[in-house]
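Chemist: All I have is the shape, not the residue letters:
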């Protein structure tokens with residue numbers, strides 16, 4: 001069991017369409033990686049007179065773009081400055097071997113700048129992150145590049161005697177770019193993964209295995225807490241509590257293979273439940289077909305992944321426990337970050353509507369619908385997670401979880417969304433709440449395309 005990290009300052013809900021500056025800074029980091037590989041290859045494939053001219057043009061453009069987004073990267077300035085030095089040195093210093101030593105000079109300067117930045121606590125990549133970005137990730141990435149610069153110096157010196165080594169330096173830069181992308185977009189070690197269990201205040205939150213004992217405890221608590229809503233619906237009235245438990249377990253069992261369940265405990269007592277259903281191409285989500293007014297989310301899927309939040313319940317005696325509510329929300333948000341979900345969808349019982357609206361969910365339709373089998377009245381709600389994170393406001397669900405969410409998952413989610421935005425025309429963060437509702441309402445109920 002792990003205690004939750006408490007040092008993550010993440011961006012949050014927003015009603016604006018403008019993305020935060022951090023979103024653009026991440027894109028500039030990717031641009032810098034591509035430029036590093038291209039410029040290194042140019043130094044070896046083109047004469048110094050041409051390559052230095054190309055580098056001046058390339059890094060002058062990069063410095064200007066970065067300046068427009070409030071990024072002042074010492075690495076970019078160093079590359080621009082050294083490109084100018086190499087250009088004038090080649091044209092005015094007619095010394096034998098100057099061209100051969102130019103890579104050594106360039107990477108020697110980069111090594112000095114990168115090492116100095118690490119020593120003073122300002123890793124080179126931190127200039128592409130916000131003030132709350134993950135320092136450990138920046139230190140690891142910047143240290144990687146310092147090592148590569150040192151190896152490039154050695155390879156440059158070796159090339160003077162063994163010309164075949166000239167391929168080593170472009171290879172090092174390409175490898176560095178790929179490893180950097182892995183650190184930024186995939187993993188930086190098991191310590192930074194979503195914990196399967198954590199504590200918050202006096203509560204413990206577990207991702208439970210899908211065995212009968214744990215699932216029975218999950219459904220028993222959920223049915224007990226929502227039984228008044230079930231009784232007030234249009235479904236069967238005479239079934240007992242245990243019969244409703246069996247009914248819901250039988251109805252949900254078809255989606256258990258793509259559902260992740262979470263239980264909240266106070267001591268050994270179960271006090272809260274929530275689960276997340278992952279979307280897949282072969283079958284619809286329960287929110288699409290599990291009620292009296294079927295919908296189709298196919299158009300929404302064109303903008304990003306969808307996760308359905310379900311079976312949310314809190315014990316009566318703990319409904320004012322902020323740690324309990326935040327912990328359950330943390331389970332959902334971190335799981336959604338891990339799955340790169342852009343949208344959260346939920347069938348909310350009418351009694352729970354104020355809670356969901358307070359944390360930022362909005363109605364996909366004002367119509368009240370009734371769940372299959374149990375007949376409980378629900379309203380369909382949606383939450384544009386990508387928009388809330390990318391646009392950087394702190395007024396709703398993500399802002400309320402500051403200091404609770406695992407820092408690396410927050411950072412990685414933003415960077416993955418920024419990376420996808422480079423290649424995807426339909427971007428989830430651009431959708432307003434009203435546009436998301438429109439996409440959901442104006443689709444055919446006959447099934448998925």
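Modeler: Cool, got the structure. Worth saying up front: this structure is predicted, and the values here are computed from it rather than measured.
Chemist: and stretch 144-157, which residues are buried?
Modeler: Buried residues in stretch 144-157, defined by neighbour count with 16 or more other Cβ atoms under 10 Å: 144-146, 148-153, 155-156. C-beta: built from backbone N, CA, C; applies to glycine.
Chemist: Stretch 214-234 too?
Modeler: Quick answer for stretch 214-234 (16+ other Cβ under 10 Å): 214-215, 217-226, 229-230, 233.
Chemist: And stretch 54-61, by the same measure?
Modeler: Buried positions in stretch 54-61, judged by neighbour count with 16+ other Cβ under 10 Å: 54-56, 58-59.
Chemist: which ones among the residues you listed are found in helices?
Modeler: 54-56, 58-59 (DSSP state H).
Chemist: any chance of these in a markdown table, plus distance to residue 136?
Modeler: Shown next, in a markdown table, are these (distance: Cβ to Cβ, whole Å):
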| residue | distance to residue 136 |
| --- | --- |
| 54 | 35 |
| 55 | 32 |
| 56 | 35 |
| 58 | 30 |
| 59 | 28 |
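Chemist: Tell me the one of the residues you listed nearest residue 257?
Modeler: residue 58 (49.5 Å; Cβ to Cβ).
Chemist: for that closest one, what are its contacts?
Modeler: 35, 38-39, 83 (Cβ atoms under 8 Å, 6 or more residues apart in numbering).
Chemist: 10 Å instead, please
Modeler: Going by Cβ atoms under 10 Å, 6 or more residues apart in numbering, residue 58 touches 35, 38-39, 42, 79-80, 83.
Chemist: Please flag which of these sit within helices.
Modeler: Here DSSP H is the test, and these give 35, 38-39, 42, 79-80, 83 as lying in helices.
Chemist: Just among the residues you listed, which is most surrounded?
Modeler: residue 79 (25 neighbours; other Cβ atoms under 10 Å).
Chemist: Output the below-cut-off pLDDT ranges for the stretch 101-250 of the chain.
Modeler: Across the stretch 101-250 of the chain, nothing is flagged by pLDDT under 70.
Chemist: how about the strands of it, start to end?
Modeler: For the stretch 101-250 of the chain, the strands defined by DSSP state E, counting those that start in this stretch occupy 197-200, 203-207.
Chemist: deepest of those, which one?
Modeler: strand 203-207 (a mean of 20; mean count of other Cβ atoms under 10 Å).
Chemist: can you list contacts of that one?
Modeler: For strand 203-207, the external contacting residues (Cβ under 10 Å, 6+ apart) are 1, 4, 194-199, 214, 260-268, 270-272, 274-276, 318, 321, 323-328, 330-331, 335.
Chemist: Separate out the buried members of these.
Modeler: 4, 194-195, 198-199, 214, 260-266, 270-272, 274-276, 318, 321, 323-328, 330-331, 335.
Chemist: still on that earlier bit, quick one: the buried residues of stretch 54-61 as a markdown table, columns for distance to residue 255 and pLDDT too.
Modeler: Formatted as a markdown table, these follow (distance: Cβ to Cβ, whole Å; pLDDT from 0 to 100):
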| residue | distance to residue 255 | pLDDT |
| --- | --- | --- |
| 54 | 55 | 93 |
| 55 | 55 | 92 |
| 56 | 58 | 94 |
| 58 | 51 | 95 |
| 59 | 52 | 95 |
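Chemist: That'll do, ta.
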